[in-house]
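*Asks:* I would like the atomic coordinates for the input below:
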Amino acid sequence: MNLNFSQAQALITELTSEQFDMVDHRSVVLAVPAPYLQYSVDACKHVKGFNIAAQNCYTQKSGAFTGETSVEMLTSLGVQQVIIGHSERREIFGEDNAMLAKKVDLALEYGMTPIFCCGEPLPVREAGKQNEFVAEQLKASLYQLSAEQMSKVVIAYEPIWAIGTGKTASSEQAQEMHAFIRTQLATQFGQALADSISILYGGSVKAANAVEIFQQPDVDGGLVGGASLVAKEFAAIIRALK
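*Replies:* Sure thing, here's the model as predicted:
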């Protein structure tokens with residue numbers, strides 16, 4: 001929930017005027033606040049490799065749910081991706097695994113790409129239970145899917161304990177969890193599918209650490225927070241992509 005409209009316009013204008021080598025396997029997804037979705041879709045429509053995502057959606061197709069945004073509303077704007085289960089939605093708004101499973105199902109039903117977030121808070125990491133915690137998040141919200149459906153999902157791992165706490169996750173810790181997630185997906189859906197799924201890292205990615213993080217074999221990109229609000233910083237992260 002950052003930037004007023006004129007600031008958001010300026011950010012997108014500056015970003016899209018940068019020169020990026022956007023080969024086919026690279027994609028920049030701007031997950032913008034709901035009021036800016038239509039503008040962002042129009043502004044990026046003809047920019048190679050740029051796509052727009054919503055930050056959230058609701059579990060129902062329509063109805064008396066004042067203040068919520070349906071998947072059908074999003075797709076009618078040309079929005080093709082949606083973040084589901086961001087740590088802030090889980091921790092601040094109390095969204096649980098069962099609720100997120102409904103959102104994933106609905107997004108896929110409407111042809112959207114769910115960017116599904118998972119990750120452990122500090123007490124879980126300190127107890128050494130992060131693998132079990134993340135495995136349960138995957139199982140409870142994604143394992144109802146067929147392999148074909150799962151192939152359309154993007155995973156984003158957020159080490160919640162390393163976001164805004166002063167603690168930092170090393171690139172080795174990122175790789176360790178990404179490899180674990182891929183192993184879990186391989187067990188459930190098969191190795192070929194697991195290898196094809198993009199797993200993004202969402203632990204305070206910055207221009208200064210992006211190259212090192214993206215060099216890890218199981219890290220396929222980043223879920224970028226505050227650094228995405230500064231065009232030059234975000235551009236440097238984009239250029240660090242494999």
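
*Asks:* Quick check: residue 219 is in a strand.
*Replies:* No: looking at residue 219 with DSSP: H, G, I helix; E, B strand; the rest coil, it is coil, so not inside a strand.

*Asks:* Doesn't residue 114 belong to a helix?
*Replies:* No: read with three-state DSSP, residue 114 is strand and lies in no helix.

*Asks:* Helix or strand for the residue lying farthest from the centre of the chain, just tell me which one.
*Replies:* Largest separation from the mean C-alpha position in the chain: residue 64, at 27.9 Å (Cα atoms, centre = their mean). Using DSSP states H and E, no element contains residue 64; it sits outside every helix and strand.

*Asks:* Ramachandran coordinates for it?
*Replies:* Main-chain dihedrals, residue 64, degrees, to the nearest 10: phi -90, psi 70.

*Asks:* Distance check, it against residue 173.
*Replies:* 44 Å (Cβ to Cβ, to the nearest Å). In short, each C-beta sits where N, CA and C put it, glycine included.

*Asks:* I'd say residue 224 and residue 236 touch.
*Replies:* No: using Cβ atoms under 8 Å, residue 224 is not in contact with residue 236, being 10.8 Å away.

*Asks:* between these two, which one's more packed in?
*Replies:* residue 224 (23 against 17; other Cβ atoms under 10 Å).

*Asks:* Flag the shaky bits of the protein, pLDDT-wise.
*Replies:* 166 (pLDDT under 70).

*Asks:* in it, which spans are strands?
*Replies:* Ranges of strands in the chain, per DSSP state E, are 28-32, 50-54, 81-84, 113-118, 154-157, 199-201, 221-222.

*Asks:* circling back: distance of the residue farthest from the centre of the chain from residue 151?
*Replies:* From residue 64 to residue 151 the distance is 35 Å (Cβ to Cβ).

*Asks:* still on that earlier bit, how close does the residue farthest from the centre of the chain get to residue 24?
*Replies:* Taking Cβ to Cβ, one finds residue 64 at 43 Å from residue 24.

*Asks:* so what's residue 242 up against?
*Replies:* Neighbouring residues of residue 242 by Cβ atoms under 8 Å, 6 or more residues apart in numbering: 214-215, 220.

*Asks:* where along the protein do the helices fall?
*Replies:* Assigned by DSSP state H, the chain shows helices spanning 5-16, 37-44, 71-76, 87-93, 97-109, 122-126, 130-142, 147-150, 171-189, 191-196, 207-214, 231-239.

*Asks:* Out of those, flag the one nearest residue 30.
*Replies:* If you check each of the helices of the chain against residue 30 by Cβ to Cβ, helix 37-44 wins as the nearest, at 6.0 Å.

*Asks:* Now do the buried residues in that closest one.
*Replies:* Using 16 or more other Cβ atoms under 10 Å as the test for burial, helix 37-44 gives 37, 40-41, 43-44.
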